[in-house]
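Q: Would you be able to build a 3D model of this:
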Amino acid sequence: MIISILWQIIYPSGKLLPFSSVEGVNVSGWSKLDAVSLLDERAALAPVNIYFGDAARAYRSPLPPEIGIKISNQERIDNVDYPWYLRLLPGSILWGHLVVGAADSPNYGRDSALLDSYVKKELGDSCSVNPRNANLKVQDNKIIVDPGAPGGTCKIQDVIDQLGSVQVRLNSDNVTRIPINVLPPAVTDESASQLAATIESKIKDGVTMHVGSESANVSRDQLVNWLDFAVVNDAISFSFSLERSGQYLDDTFAAKVAVAPGVSTVSTYDFVETSRVVGANGRALDKSATLANIESYILGTIPAAQVVTAPVQPTVNYVRSYSPTDVGLSALMQNFDQSHNGSFGVSLTELSGKHRRASHNGTASYTTASTYKLFVAYSTLLRVENGSWHWSDQINGGRDLAKCFDDMIVISDNDCATALLLKIGFTPITNEARAIGCASTSFLGSDGIKTTPDDLSMLLAQLQLGQILGQQSSRDILINAMKRNVYRQGIPSGMSGTMVADKVGFLDGLLHDAAIVYDPRGTYVLTIMTDGANWADIAELTRQIQALRIQ
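A: Residues are numbered from 1 along each chain as shown. Okay, the predicted model is just below:
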């Protein structure tokens, strides 16, 4: 006993007694400093639940610092003492906390400006609280009411007075209620419950879906899983989720109702439809309409639920034929574009024979990719012919003009092309292209170098016919380089066994080919510019154009 009393006598005054607690928070044996820190932190995180009138749900639950309340437990803990007379009583260290507990309340500091700011932010100047409509939700496979709450109007000063005097307690709901002139919600808990009861009464045994002469039952649990609820224009409604139901409906009903569509055959000649045989419509499951049908059944507007189908248009098979004319060739190009991936701009000029000209999107502007090098080559040859440049001039990386020119066309060397372009200048090369009729070609735009299929065909046609450049030797240098172009997957691939002089361009999704085709039945120029196509498509279009030409 003496030892126990001695221990009590020397027990530190800076520590709380064993088994001590403050507002339900265990601080047994804690130092007073640590206890103050813990209690202050817990108090700052204890929400103040603001209710308006008799509402069952809090409107807001701010933390004390948000409404200008600073809580200090320093004084109440400092005042907790283990007095000398208790220390002399045997065993008092075990029950002394019941005698010398902390004061009932902490000290409060209140910032009225911060409180006013919070109230103004949440309620404005009018203190008007919108009612909250009741709704329904699915929880644990049950349709339950998500309760509404009344709104109304109140006095700002009442809110400030209530929050300005609130006492924050640990381990408590800290409820403060504000008097309000009540405005009830448009959708009440009762009306929500009635809708829930209506739905449950209709789906408790599942819903029988009629599929022609057959039927199939969709279970209650399945239907509940699909339910969505919403309050729109102060009315509660339900619907079934297409996303959550779609796979089930497909698996259960799609095959039962599917009727394959027929085929419509459309014959055309050039741009003109000559005949049409219309195939029969098919049928397919209409999932959205089927879900709407179930909703109508639940609401009692139809006596039974059924699977709904929608018509499926027949597929269309085109039988196309073309005349070997300008119009027919243009129609072929257009229809090819429409039936293949990507976009196509095509320009054809026959330099002998029937002298046909055809195009599709011939004036469409494309980023040139490497086809711009044809214009650089033309401007380079102009300068060689006028004597201002010489084939021995050094251009790039130890390569003279003759080597750079050849590499630019044959292997599409970019360094040489860039060096020559900068040496000529963007404005001069644009002007020189336009001077020969390539009016849509520009090296000056902020969005890159642009040209059209018609401009490229015009350049090559004049080159082949000797209508540009003053010397045949100059023209031969460029044409012979084009004949040795190493990229042959496009137009040359579509003209197997025929000499083709061409220059390709490819950049990101762009694939272009501009060519002089030396067909024994007549030389012609063909330019195909594409975005999103492939070389095989360019080769196939070339084959089809050639096949129509020689009819």
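Q: From now on I want contacts and neighbour counts done on CA atoms only, so please keep to that.
A: OK.
Q: Tell me how many other residues surround residue 504.
A: Close neighbours of residue 504, defined as other CA atoms under 10 Å, add up to 31.
Q: same deal with the one 4 residues further on?
A: Under the neighbour criterion other CA under 10 Å, residue 508 is assigned a count of 8.
Q: where's it relative to residue 290, distance?
A: Distance from residue 508 to residue 290, counting by CA to CA, to the nearest Å: 45 Å.
Q: what's the answer for residue 77, then?
A: According to CA to CA, residue 77 and residue 290 sit 69 Å apart.
Q: isn't residue 242 right next to residue 288, touching?
A: Yes. Applying CA atoms under 8 Å, one finds residue 242 in contact with residue 288, separated by 6.6 Å.
Q: What is the neighbour count of the closest residue to residue 443 other than its chain neighbours?
A: Distances taken as CA to CA, 6 or more residues apart in numbering put residue 449 closest to residue 443, at 4.6 Å, once the chain neighbours are dropped. Around residue 449 sit 20 other residues, with neighbours defined as other CA under 10 Å.
Q: Over to the one 10 residues further on?
A: Residue 459 sits with 21 neighbouring residues when counted by other CA under 10 Å.
Q: give me phi/psi at it?
A: Comment: the main-chain dihedrals of residue 459 come out as phi -60, psi -50, following degrees, to the nearest 10.
Q: All further residue positions should be reported with the first residue as 444.
A: Okay, using 444 as the starting number, the last item reads as residue 902.
Q: so it sits right up against residue 881, yeah?
A: Yes. Proximity of residue 902 to residue 881 meets the contact threshold set by CA under 8 Å, at 7.2 Å.
Q: what sits against residue 627?
A: Listed by CA atoms under 8 Å, 6 or more residues apart in numbering, the contact set of residue 627 reads 574, 592-595.
Q: run the last query once more with 10 Å
A: Under the criterion of CA atoms under 10 Å, 6 or more residues apart in numbering, the contact list for residue 627 reads 573-576, 591-595.
Q: From those, list just the buried residues.
A: 574-576, 591-595 (16 or more other CA atoms under 10 Å).
Q: so what's in contact with residue 902 and residue 881 at the same time?
A: Residues touching both residue 902 and residue 881 (CA under 10 Å, 6+ apart): residue 818.
Q: about what we covered before: now tabulate the contacts of residue 627 in JSON lines and tack on secondary structure and distance to residue 970.
A: What follows is the contacts of residue 627, written out as JSON lines (DSSP: H, G, I helix; E, B strand; the rest coil; distance: CA to CA, whole Å):
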{"residue": "573", "secondary structure": "coil", "distance to residue 970": "68"}
{"residue": "574", "secondary structure": "coil", "distance to residue 970": "69"}
{"residue": "575", "secondary structure": "strand", "distance to residue 970": "67"}
{"residue": "576", "secondary structure": "coil", "distance to residue 970": "67"}
{"residue": "591", "secondary structure": "coil", "distance to residue 970": "70"}
{"residue": "592", "secondary structure": "strand", "distance to residue 970": "72"}
{"residue": "593", "secondary structure": "coil", "distance to residue 970": "74"}
{"residue": "594", "secondary structure": "strand", "distance to residue 970": "72"}
{"residue": "595", "secondary structure": "strand", "distance to residue 970": "74"}
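Q: Tell me the one among those residues nearest to residue 486.
A: residue 592 (28.3 Å; CA to CA).
Q: just for this structure, where's the confidence low?
A: Per-residue confidence of the chain (counting by pLDDT under 70) places no residue in a weak region.
Q: what secondary structure does the residue most central in space within the chain sit in?
A: Note on the chain: the residue nearest the mean C-alpha position is residue 686, at 17.9 Å, using CA atoms, centre = their mean. Secondary structure of residue 686, reduced to three states by DSSP: H, G, I helix; E, B strand; the rest coil: helix.
Q: List the contacts of it.
A: Contact partners of residue 686, counting by CA under 10 Å, 6+ apart, are residue 669.
Q: so how far is residue 488 from it?
A: In this structure, residue 686 lies at 41 Å from residue 488, with CA to CA as the measure.
Q: again with residue 583
A: According to CA to CA, residue 583 stands 31 Å off from residue 488.
Q: Tell me which of these two has more neighbours.
A: For the pair residue 583 and residue 488, the greater number of neighbours falls to residue 488 (14 against 8), based on other CA under 10 Å.
Q: wait, what's in contact with that one?
A: Applying CA under 10 Å, 6+ apart, the residues near residue 488 are 482, 505-508, 613.
Q: Buried ones only from those, please, as a ChimeraX command.
A: Entered in ChimeraX, the line below selects the buried ones among those, by 16+ other CA under 10 Å:
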select :482,506,507,508,613
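Q: So which of the contacts of residue 488 are in helices?
A: Helix and strand membership here follows DSSP state H; of the contacts of residue 488, those in helices are residue 482.
Q: just the contacts of residue 488 now: which is nearest residue 771?
A: The shortest separation between residue 771 and any of the contacts of residue 488 is 77.2 Å, and it belongs to residue 505 (by CA to CA).
Q: ok so, going back, in TSV, list the contacts of residue 488 along with distance to residue 648.
A: Conversion of the contacts of residue 488 to TSV gives the following (distance: CA to CA, whole Å):
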residue	distance to residue 648
482	56
505	46
506	48
507	52
508	54
613	49
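Q: any idea which of the contacts of residue 488 is closest to residue 873?
A: Distance ranking of these against residue 873, using CA to CA, places residue 505 first at 69.1 Å.
Q: Any chance of the backbone angles for that closest one?
A: In terms of degrees, to the nearest 10, the main-chain angles of residue 505 are phi -70, psi 150.
Q: Neighbours of residue 939, how many?
A: The criterion is other CA under 10 Å. On that basis, residue 939 has 11 neighbouring residues.
Q: Now stretch 943-959: buried residues?
A: For stretch 943-959, burial by neighbour count (16+ other CA under 10 Å) applies to 943-949, 953-959.
Q: Out of these, list just those in strands.
A: Restricting the buried residues of stretch 943-959 to those inside strands, with DSSP state E as the criterion, leaves 943-949, 953-959.
Q: Residue 497: which of those residues is nearest?
A: Taking CA to CA as the measure, residue 953 is the one of these closest to residue 497, at 69.2 Å.
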